[in-house]
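> sequence and predicted model, in that order:
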Amino acid sequence: QVQLQESGPGLVKPSQTLSLTCTVSGGSITTNYYYWSWIRQPPGKGLEWMGAIAYSGSTYYSPSLKSRTSFSRDTSKNQFTLQVSSVTPEDTAVYYCASSVPKRLPPYDYWGQGTQVTVSS
């Protein structure tokens, strides 16, 4: 069974860059037709899809976050990463990584447990 685990700092200062890593076990991030997404949920709000990196390495970004977001991967470690630059308190959220197949859209078949990120000075 595929398992995903988010990791990264829980506190980031405004204007800095938020960096999170999702480590995948039980499956390869290069498996055909799998998409690996980042999703976040700000307090009191719904889920927001941030973007995804595909099995091929192609990346897809939410238009609202594209200018500040970057995805990458390390296939040797079976990890993919998220970076959000110039963060503000509005980026405070629980961040999840999730997988889907054969499209980058829901439903997601596997989720990480989520990690709380707070943006505050």
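Perfect, I can see it now.
> not counting its neighbours along the chain, what's nearest the most centrally placed residue in the chain?
The residue lying closest to the centre of the chain (CA atoms, centre = their mean) is residue 38, at 2.6 Å. In space, residue 38 comes closest to residue 50 once its chain neighbours are excluded; the distance is 4.3 Å by CB to CB, 6 or more residues apart in numbering. In this view, the C-beta of every residue, glycine as well, is placed from N, C-alpha and C.
> so what's the residue count around that neighbour?
As a burial measure, residue 50 scores 24 neighbours (other CB atoms under 10 Å).
> what does residue 102 give?
The number of residues packed near residue 102 is 10, by other CB under 10 Å.
> can you report phi and psi for it?
Dihedral pair for residue 102: phi -90, psi 10, per degrees, to the nearest 10.
> ok, the residue lying closest to it once chain neighbours are set aside - contacts?
Of all residues not flanking residue 102 in the chain, residue 33 sits nearest, at 4.0 Å (CB to CB, 6+ apart). Under the criterion of CB atoms under 8 Å, 6 or more residues apart in numbering, the contact list for residue 33 reads 55, 101-102.
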